[in-house]
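Enquirer: okay, here's the prediction I keep looking at, along with the sequence it came from:
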Amino acid sequence: MTNIKRRLATILATDCVDFSKHMELDEVSTLSGLNACRVIIDSNIKDFGGRIFHTAGDSVIAEFDSPVECVRAAVRFQEMLMERNKETTVEPKLLWRVGIHVDDIIIEGENVYGSGVNVAARLESHCQPGEILVSRVVREQVAKRVAFSIDASGIRDLKNIAPNFEVFSVRSADLNTSKVVAQQEIAAEVNKASPNNETARISELISNKKPKLAILPFKNLSKNEESHFLIDGVVEDLITEFSMMREFEILSRATISDFKVGVDDAMKFAVSHSVDFLINGSIRSSGSRIRLSIELMDAQSGNVVWSNKYDRVLDDVFEIQDEIVRKITIALLGEIQITSLQRSKRKPTENFSSYELLLRGKEQHHKYTKDANQLAIEFFDKAIEIDEGNAQAHAWKACTLGQGLIRKYIDDSAFDEKYQLAMHHLTMALDLNENDFECHRMLSAVYLSNHDYKKAEEHGRIAYRLNPNDPRVLSGTGEVLVRIGDEETGIALLEKALILDPIPMGQTTSDNRFKDLVLGYYCAENWDQCASYGIRVKDVDPRTWLLRNFSLLKGGVDLSAESSFRDSKSKFIGLDWEETIDRFHLPAEEKNKELNEFVSCLKEKYG
């Protein structure tokens, strides 16, 4: 049985104002600024005794034992962020909101739940840029113990929590700039009007940033339990369609797979992932018919913005998906031309039996086991046998063969044969659909492994242009760009992959995301960030070990005094480093040379 504990704690919730809007205008500078802000926020939380237990990149939730230290941490990092924004070279000037509440929390493993978390998150959402809002219980425990004032700021309607919740604003001299005060006065007038019009709220939201969506797993209402592959396939297709639109941000398939239908609270899930709108539904399939119900929900108010029911034959599933995407787009953005809607090009096949086998194959592919890998290939073969023009079946067979080779599901003796087979199907898929981002994503990885950096960049950039929100595209293209000298853009893509998909499909930690960033910051010669991300990696591989220690040394750290180095050097120092470094796929010979020389020094001194 899961070990669940309860205790009283102070919860701090903070997020970056208009982050998506800034991303739309200048993705690279925004992610660079976000990283700088997070260094300030994270270090202050730690310095004042806090612990971060959830982060989505542009948002942080932390717990403190002391409400006084929690408020002091918030004031300190807000002051430092304000100071940073005064520098003329800083663009964009990112502002943050903070909500703080003391209440009972539930601790289950590494996760924290409860009223304290929900109220703090709601308070933060009611803040003006640069503001800190706290509950009455926080004010009562803190006000007499700090130099700054905590003043009444009226009441707020905390949706699904309390309709008339009294809030207080922290008044530090360094925080209350004229700009922030003016924004607070404007907001006060808006709050008096208390508009409940859903259209008005959506319009306000859309004008400030790109909507962030989460498509939750659909309920399976079919009597046939095996039909879940169809439900998963429909959801995955919808995620793919929305991820191809620059007008939206959308949580990855891996992230939403953490949500358990009928167990988890959708509104709490939305708050923890900073989601603006939730899409959920149910599917019942029987014989040749499919019944699909779907609704689009405002994640703040809980109101349904749009809903519909479909009762069609299974062959109409593509048209249903197309209509859902268009209806939701119109509900959120209005009647505009969405250039990235390419259903006619994305439709994999006219043959539903071939499509059904494609979905069954993808379901097995996502299980990441040797038996499932082989079964997936068999399903893709049957899909291609029925319809040789099913481009996605060719692409996914190539991807599954690649999975088998990388994860050693396929014997090394068959490597060359299976590699050539994968390339054959990848070429077939691209010939059938030159605009399939999956093909360009995989080709970029293939050319990178073969040290053909020009073609790796070409296909990586095409994949990103076709799908700017797919975390696999972001990480793959980012890995190529940091290697070829475009470190700033590459790191921005790697940071975005971490935000949208912190734990990739088939993984249990964020290690792979952190490892990519270790490489990125090494290539950028940002030794502090390289070492910082290296320390976060739990299961350290040779590349991360070497780049982290190289960066620590460059930063002036005595490796012999580092426990992480002392404890691990015997495991790594004796490797065949010349061959290992070659597998880093670094085109710059000087970098390969400096790493080999660094290894020689380590062996001489510690070997």
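Expert: Nice, I can see it.

Enquirer: now the helices for the stretch 301-450 of the chain?
Expert: 317-333, 343-346, 352-365, 370-386, 391-406, 415-432, 437-449 (DSSP state H, counting those that start in this stretch).

Enquirer: and the ones you listed, which one averages the lowest pLDDT?
Expert: Of all those, mean pLDDT reaches its minimum on helix 343-346 (a mean of 43).

Enquirer: residue 374 is in contact with residue 409, isn't it?
Expert: Yes - contact between residue 374 and residue 409 holds when scored by CB atoms under 8 Å: they sit 7.4 Å apart. (Each C-beta comes from the backbone N, C-alpha and C, glycine too.)

Enquirer: ok so, going back, output the helices of the stretch 301-450 of the chain in CSV; the columns should cover mean neighbour count and distance to residue 34.
Expert: Below are the helices of the stretch 301-450 of the chain laid out as CSV (neighbours: other CB atoms under 10 Å; distance: least, CB to CB, whole Å):
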stretch, mean neighbour count, distance to residue 34
helix 317-333, 18, 24
helix 343-346, 14, 31
helix 352-365, 22, 33
helix 370-386, 19, 37
helix 391-406, 24, 31
helix 415-432, 16, 35
helix 437-449, 23, 25
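
Enquirer: can you redo these as CSV with distance to residue 89?
Expert: Formatted as CSV, the helices of the stretch 301-450 of the chain follow (distance: least, CB to CB, whole Å):
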stretch, distance to residue 89
helix 317-333, 34
helix 343-346, 42
helix 352-365, 46
helix 370-386, 50
helix 391-406, 42
helix 415-432, 43
helix 437-449, 33
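
Enquirer: which of those sits closest to residue 287?
Expert: helix 352-365 (12.7 Å; CB to CB).

Enquirer: could you dump that closest one to PDB, C-alpha only?
Expert: Extracted in PDB, the C-alpha atoms of helix 352-365 (Å, rounded to 0.1, in the frame of the first residue of the first chain):
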ATOM      1  CA  PHE A 352      -9.500   1.600 -42.200                       C
ATOM      2  CA  SER A 353      -8.100  -2.000 -41.700                       C
ATOM      3  CA  SER A 354      -4.600  -0.700 -42.500                       C
ATOM      4  CA  TYR A 355      -5.200   2.200 -40.200                       C
ATOM      5  CA  GLU A 356      -6.400  -0.100 -37.400                       C
ATOM      6  CA  LEU A 357      -3.200  -2.200 -37.800                       C
ATOM      7  CA  LEU A 358      -1.100   1.000 -37.700                       C
ATOM      8  CA  LEU A 359      -2.700   1.900 -34.400                       C
ATOM      9  CA  ARG A 360      -2.100  -1.500 -33.000                       C
ATOM     10  CA  GLY A 361       1.500  -1.300 -34.000                       C
ATOM     11  CA  LYS A 362       2.000   2.100 -32.400                       C
ATOM     12  CA  GLU A 363       0.400   0.800 -29.200                       C
ATOM     13  CA  GLN A 364       3.000  -2.000 -29.000                       C
ATOM     14  CA  HIS A 365       5.800   0.400 -29.900                       C
END
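
Enquirer: against which helices or strands is it packed?
Expert: In terms of contacts (3 or more CB pairs under 8 Å, 6 or more residues apart in numbering; DSSP states H and E), helix 352-365 is packed against helix 228-243, helix 370-386, helix 391-406.

Enquirer: what is the distance between it and the centre of its chain?
Expert: On the basis of CA atoms, centre = their mean, to the nearest Å, helix 352-365 sits 26 Å off its chain's mean C-alpha point.

Enquirer: contacts for that helix?
Expert: For helix 352-365, the surrounding residues in contact (CB atoms under 8 Å, 6 or more residues apart in numbering) are 228-230, 232-233, 236, 314-315, 317, 348-349, 372-373, 375-380, 382-384, 386-387, 390, 392-393, 396-397, 399-400, 403.

Enquirer: tell me the pLDDT at the residue most central in space within the chain?
Expert: Nearest to the mean C-alpha position of the chain, by CA atoms, centre = their mean, lies residue 500 at 1.5 Å. As predicted, residue 500 sits at a pLDDT of 83.

Enquirer: my read: it touches residue 253, true?
Expert: No - under the criterion of CB under 8 Å, residue 500 is not in contact with residue 253, lying 10.7 Å apart.

Enquirer: which of the three states applies to residue 93?
Expert: coil (DSSP: H, G, I helix; E, B strand; the rest coil).

Enquirer: what's around the spatially closest residue to residue 351 that is not a sequence neighbour, how many residues?
Expert: Counting by CB to CB, 6 or more residues apart in numbering, residue 351 lies nearest to residue 387, which is 4.5 Å off, once chain neighbours are set aside. Residues lying near residue 387 (other CB atoms under 10 Å) number 19.

Enquirer: just residue 528 next, same as before
Expert: Counted with other CB under 10 Å, the neighbours of residue 528 add up to 13.

Enquirer: now the strands for this structure?
Expert: Applying DSSP state E to the chain gives strands spanning 4-16, 51-55, 59-64, 96-108, 111-113, 132-135, 149-158, 162-171, 212-215, 219-220, 249-250, 277-286, 289-298, 304-313.

Enquirer: residue ranges in this structure under the pLDDT threshold?
Expert: The chain contains residues with pLDDT under 70 at 1-4, 57, 109-110, 172-209, 225-226, 263, 333-348, 607.

Enquirer: domain map for it?
Expert: Annotated domains of the chain cover 4-194, 208-342, 531-607 [automatic domain parsing].

Enquirer: and the nearest residue to residue 581 once chain neighbours are set aside, how many neighbours?
Expert: Leaving out its chain neighbours, the residue that sits closest to residue 581 by CB to CB, 6+ apart is residue 595, at 5.1 Å. When neighbours are counted by other CB under 10 Å, residue 595 registers 21.
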